[in-house]
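1. mind looking at a prediction? Sequence and model below.
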Amino acid sequence: MLARMLRSVAVLLMPELAVFEFGVLCEVFGMDRSDDGLPVLEYRVCGVEAGKPVSTTGGVQVVPEYGLEGLRGADLVAVPATRMREFPEEALQALREAEAAGAILLSVCSGVFVLAAAGLLDGRKVTVHWHSVEELRERYPTVEVDPDVLYVDDGNLITSAGTAAGIDACLHLVRRELGSAVVNGIARRMVVPPQREGGQRQFIDRPVPEHSADSLGPLLDWMLTHLDREHTVADLARRATMSERTFARRFVNETGTTPLRWLTRQRVLHARRLLEDTDLPVDAVAARCGFGSATLLRHHFRKVVGVAPADYRRVFRTDEELVG
């Protein structure tokens with residue numbers, strides 16, 4: 001917990017602004033909810049120049065009320081996502097000065113590229129949307145990128161993965177700085193869960209890689225349609241008409257992992273779909289996916305996804321909607 005309470009927020013907009021990520025910051029920090037007894041934060045939307053329209057990816061423009069002077073004295077400086085990768089030096093310098101003055105820095109999705117360009121992430125642990133992980137690593141090799149988590153809290157620096165993970169990071173910061181009662185009130189008005197742990201994995205599918213005609217592709221397809229069966233390396237090698245050693249080597253070369261690990265991930269992926277789309281009890285899900293028992297399913301599911309199957313189902317059931 002940082003010593004001073006969160007009272008003022010400055011949001012720095014860059015051209016090619018992502019509207020949703022900007023909207024997340026507006027919704028969490030910029031709304032007056034005093035009728036619910038919640039604190040009202042001083043909220044400044046800043047650009048390089050006050051009153052100069054900022055382009056977005058959504059076919060509209062946003063006109064910031066403040067210029068870079070709006071970052072001065074803010075307890076929190078937040079940077080939403082942008083498609084830009086080259087940024088005005090005066091904006092980067094304003095970020096450096098805000099950080100030196102003690103501001104907390106928060107990025108949503110690709111907003112992390114702005115902080116990295118300012119040199120504020122060297123040696124720091126961050127995250128970003130899984131689609132941008134390799135680009136961030138290539139552009140800024142001194143930054144430690146965690147590709148799996150929803151957000152990273154590194155004291156005065158909070159970075160988040162894509163889209164909805166920005167909500168999680170913002171609510172986490174509110175909880176950290178203003179307490180559970182405030183974050184629960186904001187989450188209730190937003191009709192979202194008040195907390196998902198930052199260490200929870202980004203929920204992305206891991207599709208089967210494309211294969212050439214003489215590859216293991218047909219075997220992988222067969223395995224996917226028979227996940228409920230027990231598979232050993234010896235059985236799979238015989239089906240592929242290879243020795244066990246050759247099969248194991250070919251499998252790693254083509255998939256990047258071992259047969260057991262690949263099979264476990266595919267079973268977890270299938271379990272995710274069953275939890276989302278069906279009412280099957282966890283025991284039945286485990287059987288259909290080849291885990292054999294609910295206990296084994298829970299173990300592997302938590303290891304791969306980061307949460308228990310029941311918690312995942314509560315959040316991702318396709319036939320349940322949040323209502324206000």
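-> Okay, I see it. Everything numeric in this text was worked out from a predicted model, so none of it was measured.

2. got a pLDDT number for Arg96?
-> At Arg96, the predicted lDDT confidence score is 98.

3. show me what contacts the closest residue to it other than its chain neighbours?
-> Distances taken as Cβ to Cβ, 6 or more residues apart in numbering put Ala118 closest to Arg96, at 5.5 Å, once the chain neighbours are dropped. The way it works is simple: take the backbone N, C-alpha and C, and place the C-beta from them, glycine included. Going by Cβ atoms under 8 Å, 6 or more residues apart in numbering, Ala118 touches Phe87, Leu92, Gln93, Leu95, Arg96.

4. who wins on neighbours among those residues?
-> With neighbours defined as other Cβ atoms under 10 Å, the most crowded of the contacts of Ala118 is Leu95; it has 23 neighbours.

5. okay, and it sits in which element?
-> helix 89-100 (DSSP states H and E).

6. what residues does the following helix or strand past that helix touch?
-> Next helix or strand after helix 89-100 toward the C-terminus (DSSP H and E): strand 104-107. Here strand 104-107 makes contact (Cβ under 8 Å, 6+ apart) with 2, 6, 75-79, 95, 98-99, 114-115, 120, 126, 156-160, 169-170, 173, 177.

7. any stretches of this structure with poor pLDDT?
-> Counting by pLDDT under 70, the chain shows low-confidence ranges at 1-4, 194-214, 316-324.

8. quick one: the helices in it?
-> 19-29, 89-100, 112-117, 133-139, 164-178, 180-190, 217-224, 233-239, 244-255, 259-277, 282-289, 294-305, 309-316 (DSSP state H).

9. so the residue nearest to Ala117 when sequence neighbours are not counted versus Ala237, what's the distance?
-> Spatial nearest neighbour of Ala117, chain neighbours left out: Phe87 (5.2 Å); criterion: Cβ to Cβ, 6+ apart. Distance, Phe87 to Ala237, using Cβ to Cβ, to the nearest Å: 53 Å.

10. Arg302 now?
-> Counting by Cβ to Cβ - Arg302 and Ala237 are separated by 30 Å.

11. same check, this time on Leu150
-> Counting by Cβ to Cβ, the gap from Leu150 to Ala237 is 39 Å.

12. what's the answer for Glu86, then?
-> Computed as Cβ to Cβ, the Glu86 to Ala237 distance reads 51 Å.

13. ok, Asn156 next?
-> Look at Asn156 and Ala237: by Cβ to Cβ, they are 53 Å apart.

14. out of the two, which sits in the more crowded spot?
-> More crowded of Asn156 and Ala237, by other Cβ under 10 Å: Ala237, with 20 against 15.

15. the residue lying closest to that one once chain neighbours are set aside: neighbour count?
-> Nearest residue to Ala237, sequence neighbours excluded (Cβ to Cβ, 6+ apart): Phe247, at 3.8 Å. Residue neighbour count, defined by other Cβ under 10 Å, stands at 21 for Phe247.

16. again, but for Arg239
-> Neighbour tally, Arg239, other Cβ under 10 Å: 15.

17. which residues are in contact with it?
-> Leu219, Trp222.

18. would you mind measuring from it to Leu220?
-> Distance, Arg239 to Leu220, by Cβ to Cβ: 11 Å.

19. quickly list what's touching both of the two.
-> By Cβ under 8 Å, 6+ apart, no residue touches both Arg239 and Leu220.

20. who's in contact with the residue nearest to Ala50 when sequence neighbours are not counted?
-> Spatial nearest neighbour of Ala50, chain neighbours left out: Gly67 (4.1 Å); criterion: Cβ to Cβ, 6+ apart. Contacts for Gly67 were tallied using Cβ under 8 Å, 6+ apart; they are Cys46, Gly47, Val48, Glu49, Ala50.
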